[in-house]
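1. I would like to see how this sequence folds:
(one chain, ligands or ions: 1)
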Amino acid sequence: TTTAFAFVVAAYLIGSLSFAVIVSRAMGMADPRSYGSKNPGATNVLRSGRKLAAVLTLLGDGAKGWLAVALTAWVGPRYGLGEQAIAMAALAVLIGHMWPVFFGFKGGKGVATAVGVLFGFNVWLALAALASWLFMAFVIKISSLAAIVASVLVPVYAYFIVGPHSVYFGTCIIIAILVVHRHKSNLINLLTGQEGKIGEKSDVAS
Ligand code: G3P
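-> Residues are numbered from 1 along each chain as shown. Take a look at the predicted model:
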């Protein structure tokens with residue numbers, strides 16, 4: 001329907017707000033796409049050494065994922081929209097983050113936004129994913145590996161928490177595939193032993 005399409009477009013536009021780029025600009029910092037992994041995400045912003053900017057990026061990118069889903073879940077039913085539309089909005093916000101229309105389609109890897117989306121689906125599912133990511137991040141101290149492992153676990157958690165017949169289960173599989181796919185360069189670095197640890201600084205052009 002046209003309304004479902006409007007929600008999907010809105011979600012894509014919300015996703016296109018790359019907080020790594022927006023926060024960096026607002027704080028007078030270099031574009032995160034110019035240093036470190038060149039990824040506009042909280043992990044890479046942290047490589048600038050500016051912790052507050054990294055935290056704001058994480059919260060902003062997470063909040064937008066949640067917002068796109070929550071908005072469709074709240075307002076959608078008034079237009080006869082249900083879980084299908086919510087799932088489409090979830091994928092749209094993630095795709096917006098990864099390929100943002102506002103920033104030359106050079107977006108991020110979707111970890112924070114995916115967690116935000118999961119909060120919109122089901123709080124327990126989100127907490128399970130977040131706990132897995134945090135646990136892995138603290139133990140191995142490699143952001144990308146923690147994200148990849150957590151991504152693979154999300155469909156498993158979804159199977160048990162929302163059930164295999166839920167639209168959100170299939171959506172979680174697609175989300176996991178998208179997030180892992182965006183970590184291709186990290187996978188290569190991991191396999192060649194070149195992936196850095198969380199918080200290791202990088203030379204930032206100013
Ligand atoms: O949030 C993305 C993270 O998993 C990896 O980021 O900058 O190390 O490629 P980065």
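2. buried ones in the helix ranked longest in the chain?
-> As assigned by DSSP state H, the longest helix anywhere in the chain is helix 51-75. The neighbour-count check on helix 51-75 (16 or more other CB atoms under 10 Å) flags 53-54, 56-58, 60-73 as buried. Every C-beta, even on glycine, is put in place using the N, C-alpha and C of the backbone.
3. run through who's touching that helix.
-> 7, 10-11, 14-15, 17-20, 22-24, 27, 29, 41-43, 45-46, 48, 81, 85-86, 89-90, 92-94, 97, 108, 112-121 (CB atoms under 8 Å, 6 or more residues apart in numbering).
4. residue 154 versus residue 148, what's the distance?
-> For residue 148, the distance to residue 154 equals 11 Å [CB to CB, to the nearest Å].
5. ok so, going back, for PyMOL, write a command that selects the buried ones of the contacts of helix 51-75.
-> In PyMOL, a selection of the buried entries from the contacts of helix 51-75 looks like this (16+ other CB under 10 Å):
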select buried, resi 7+10+11+14+15+17+18+19+20+22+23+24+29+41+42+43+45+46+48+81+85+86+89+90+92+93+94+97+108+112+113+114+115+116+117+118+119+120+121
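6. contacting the ligand as well, which ones from the contacts of helix 51-75?
-> The subset of the contacts of helix 51-75 within reach of the ligand, by CB under 6 Å from any ligand atom, is 41, 43.
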